[in-house]
Structures are given as structure tokens and as C-alpha cells.
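no sequence on hand, only this structure:
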């Protein structure tokens with residue numbers, strides 16, 4: 001592949017990833033922050049709304065992150081492909097295995113994110129890598145991809161990590177990343193859309209929620225997980241006020257925010 005070919009593929013990947021980001025974040029933003037704002041206020045996690053400067057900052061860094069993601073995708077699926085475990089024919093391993101790889105990606109990414117996220121919170125690393133994302137102490141859908149370029153690289157590394165792990169089909173990775181942007185937007189939504197007491201349900205207690213990640217943005221500590229709360233619960237990094245905060249976000253009768261301290 002020539003440099004010109006690579007740039008052409010990068011442009012295509014950029015627009016595809018960007019389109020998904022703007023469709024998911026944009027439609028969700030319009031729906032919750034404008035169209036259904038009034039009836040959804042009872043589900044607002046933090047009473048205040050972000051300022052316009054927060055939205056524009058998130059958009060600026062997201063455009064950079066999308067370019068990094070596109071670069072990692074094209075590099076993995078072209079230059080690195082001969083050295084990876086990517087395969088082209090679904091029938092080679094079958095449909096059952098194909099579905100298994102999506103589950104594998106879910107848990108692999110969940111583990112990778114937890115530990116890389118905790119590393120980015122190290123005092124010697126945080127202000128150089130992760131601070132940009134945490135400038136959104138009250139996140140919105142636009143925050144989903146708002147990373148410093150260094151963090152963007154760390155986030156995008158999951159693509160080659162997946163490709164080098166077990167035999168995986170390219171379309172499975174693309175499908176997984178579609179799920180990723182949907183759940184990522186939900187995590188930064190600023191509203192809790194899951195049902196009441198989902199946090200204490202046998203299944204829901206193990207899933208990360210918009211409340212959980214919102215608390216992480218607000219307090220900067222605890223709740224480092226991505227899709228699940230497994231790692232946070234296992235290593236004692238779950239915010240002890242999480243259940244209280246979830247009740248606050250899903251009950252019409254709000255409790256005082258001042259009680260939701262670290």
C-alpha cells in the first residue's frame with residue numbers, strides 16, 4: 001500500500017467513524033438537551049447543564065480523536081494485518097465462534113480500559129494525558145471522544161490488541177465499535193435512562209451506568225470501569241455513594257446533591 005493509498009483509506013475511515021460519532025452524539029444531544037429536555041429533567045444526574053464552551057471543547061478534541069482512531073484502524077487492517085490474527089472468511093471458524101469473539105472483545109476491552117484508566121489517573125500522568133477528558137466534570141454526549149491525543153492513542157490501541165489476541169474477523173471488530181460508541185454516548189449522557197433499581201438487580205449491579213461514569217467525571221476518583229463494574233468491585237474502587245447517586249438520578253423526589261460527596 002502506497003502512502004497515497006493509506007491516506008485515502010484514512011480519509012474514508014475518518015468520515016465513517018466521524019459520521020457514527022456525530023449521528024449518535026448529535027441525535028442524543030438534541031433529544032435529551034432540547035426536544036425532551038423538560039420531561040427528562042427528573043432523570044438529570046447533575047442539576048446543572050454544561051456550558052457552550054464545554055460542548056465546543058469536547059467537539060474539538062473529538063475531531064482529533066477520530067483521526068487517531070482512523071489511523072489505528074487503517075494501520076491494523078493494512079500494514080499490520082499479515083502479523084495479526086485477523087481472518088477473512090467467516091466460515092473458516094463458523095458463526096458461533098464469530099459471536100464468541102464479540103463477547104471476547106467486550107471483556108478484553110473492559111479489562112484493558114480499567115487498568116489503562118487507572119494508570120492515566122496516576123499523578124505523574126494525569127495532567128499530561130487524561131486532564132482534557134476530565135475538564136468535562138459534567139459530561140454530555142459530545143464528551144464521548146473528547147481525549148487528549150495521547151489518551152486517544154491509548155484508547156485506540158485496543159484495536160491492534162484485539163487483532164493480535166485471537167482469530168477475529170474485521171466485521172466483528174467494526175460491529176463491536178458500533179456498540180462501543182452507543183454505550184460510550186450513554187455513559188456520558190448526563191441523564192440516567194436505565195430503570196429504577198437497575199443498580200441492585202442481579203444483572204444490573206455488574207453493568208456500568210451513566211450515573212457511575214458521571215460520578216467519575218464529577219469526583220475524579222472511583223468508578224474506573226468501562227462496560228462493567230466487575231473490576232471496580234473486585235479492587236475496591238467503586239464509589240461508596242454509587243447506589244445513593246443512582247437513586248437520586250432515577251427518583252422524581254431528589255435528595256440533596258450535597259450528600260453525594262466522595
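Perfect, thanks for sending it. A quick note: this is a predicted structure, and the numbers were derived from the prediction, not measured.

just the strands in this structure please.
Chain-ordered strands for the chain, with DSSP state E as the definition, fall at 86-87, 168-169.

show me what the first one is packed against.
It stands for strand 86-87. strand 168-169 (3 or more Cβ pairs under 8 Å, 6 or more residues apart in numbering; DSSP states H and E). Glycine gets a C-beta too; all of them are placed from N, C-alpha and C.

within its sheet, name the partner strands of the strand it packs on and how each one runs.
strand 86-87 (parallel) (DSSP bridges).

hmm, back to that, same list, the strands of the chain, but as JSON lines with mean neighbour count and mean pLDDT please.
Shown next, in JSON lines, are the strands of the chain (neighbours: other Cβ atoms under 10 Å; pLDDT from 0 to 100):
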{"stretch": "strand 86-87", "mean neighbour count": "16", "mean pLDDT": "98"}
{"stretch": "strand 168-169", "mean neighbour count": "21", "mean pLDDT": "98"}
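
any chance of those in TSV, with distance to residue 58 too?
As requested, those are exported to TSV (distance: least, Cβ to Cβ, whole Å):
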stretch	distance to residue 58
strand 86-87	32
strand 168-169	31
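
closest one to residue 209 among those?
With Cβ to Cβ, the closest approach to residue 209 among the strands of the chain belongs to strand 168-169: 28.1 Å.

now that closest one: how far from the chain's centre is it?
Relative to its chain's centre, strand 168-169 lies at 21 Å (Cα atoms, centre = their mean, to the nearest Å).

quick one: contacts of it?
Residues outside strand 168-169 that contact it (Cβ atoms under 8 Å, 6 or more residues apart in numbering): 85-88, 90, 98, 101, 104-105, 162.

among the residues you listed, which lie within helices?
Applying DSSP state H to the contacts of strand 168-169, the entries found in helices are 98, 101, 104-105, 162.

below-threshold pLDDT in the chain: ranges please.
Within the chain, the stretches with pLDDT under 70 are 252-262.

swap the cut-off to 80 and go again
By pLDDT under 80, the low-scoring segments of the chain are 1, 3, 252-262.
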